[in-house]
Every structure is written in structure tokens, then in C-alpha cells.
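Asker: Attaching a predicted model along with its sequence, questions to come.
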Amino acid sequence: MIKRISGLKNLLQDNRGETIMEVVVSFLILSIMMVLFAQGLKYAGNARTYAIEECDAADKAIIALQKTINNVADPADEVTAQMISGENIETTVSGSTGSLVAHQYRVQQITGTDIRSYYYWVYEVKDNG
């Protein structure tokens, strides 16, 4: 027990500690790590925002394409029929009961100076009978 008390006494009387340089260097390293972490959070937030905007734009584009194909396009839609161009790619797979024809459509959304293009493949089934 006396050894423990004397060891504790020696520990409490020890005046060694960190120098001011060690504290400054530690603080500098901590500051650099915090800046890198903050930049990473900012980048992740921007990527999430961009992904949400891109998904919303793609959803609007496919809805406009579906309305155009079904001839129910509304002039009030953000994407109008003039921004949708279609190509009949004549990729036809024929079978005994019918054929499958592929059509490629390009939907463009123009917002200010930002132009987004989406390409969609639509497959049409044609009966031989």
C-alpha cells in the first residue's frame, strides 16, 4: 500500500507535460482533419441534391414521353412534344405470332442554359394476324 501511495505521490509531483509546440502541432492536425471532414460533407450534400434534381427531371421526361406517345400531351407540361424526337430504329424481332419493333426517343429539357437529354427505348408489339 505504501508503494502505491509513493508511486502516486511521484506521479503527482511530476511537472513534465506537453510543450507549446506539441499542442500547436496537435491543434493544426485537428484543424486540417476538421476542414477535410467539412468539405466531404459539403460534397456529399451537393451530390445528393444533384441526384434528386436529376431523378425529378428524368421522371418528368418519361411522363412527357408517355403522354406524347398516347396522344394526351398537355401544352402546359414543362416538356412539350417539340422537345421529343423519335427514331424508328427498325430493330424488329419477328416470331410466329407477331413482331417486336424498337423505337428510340430523345427527350430534351431546356431550363435556362441547362439542356438535359434523355434517351428512351420503347418496344412496340405488332401482331401478324
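Answerer: Thanks, I have the structure now. Residues are numbered from 1 along each chain as shown.

Asker: Nearest the geometric middle of this structure, what residue?
Answerer: A51 (2.9 Å; C-alpha atoms, centre = their mean).

Asker: Doesn't that one belong to a strand?
Answerer: No: judged by DSSP: H, G, I helix; E, B strand; the rest coil, A51 forms no part of a strand; its state is helix.

Asker: per-residue confidence at it?
Answerer: We have a pLDDT of 92 for A51.

Asker: Least confident secondary structure element in the protein?
Answerer: Lowest on mean pLDDT, DSSP states H and E among the helices and strands of the chain sits strand 84-94, with a mean of 59.

Asker: Tell me which residues of the helix or strand just after that one come out buried.
Answerer: Downstream of strand 84-94, the next assigned helix or strand under DSSP states H and E is strand 98-111. Within strand 98-111, the residues that count as buried by 16 or more other C-beta atoms under 10 Å are V101, H103, Y105, V107, Q109. Any C-beta I mention is one placed from the backbone N, CA and C, and that applies to glycine too.

Asker: Go through those residues and name the one nearest E124.
Answerer: Nearest to E124, judged by C-beta to C-beta, of these is V101 at 4.7 Å.

Asker: Just list whatever residues bridge to that closest one.
Answerer: T92, E124 (DSSP bridges).

Asker: thinking it is in contact with E124, fair?
Answerer: Yes: shown here, V101 and E124 form a contact pair, counting by C-beta atoms under 8 Å, at 4.7 Å.

Asker: Point out where the protein drops to low pLDDT.
Answerer: 1-3, 11, 14-15, 73-97, 128-129 (pLDDT under 70).

Asker: For the buried residues of strand 98-111, give me JSON lines that also has distance to V35.
Answerer: Formatted as JSON lines, these follow (distance: C-beta to C-beta, whole Å):
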{"residue": "V101", "distance to V35": "57"}
{"residue": "H103", "distance to V35": "51"}
{"residue": "Y105", "distance to V35": "46"}
{"residue": "V107", "distance to V35": "41"}
{"residue": "Q109", "distance to V35": "37"}
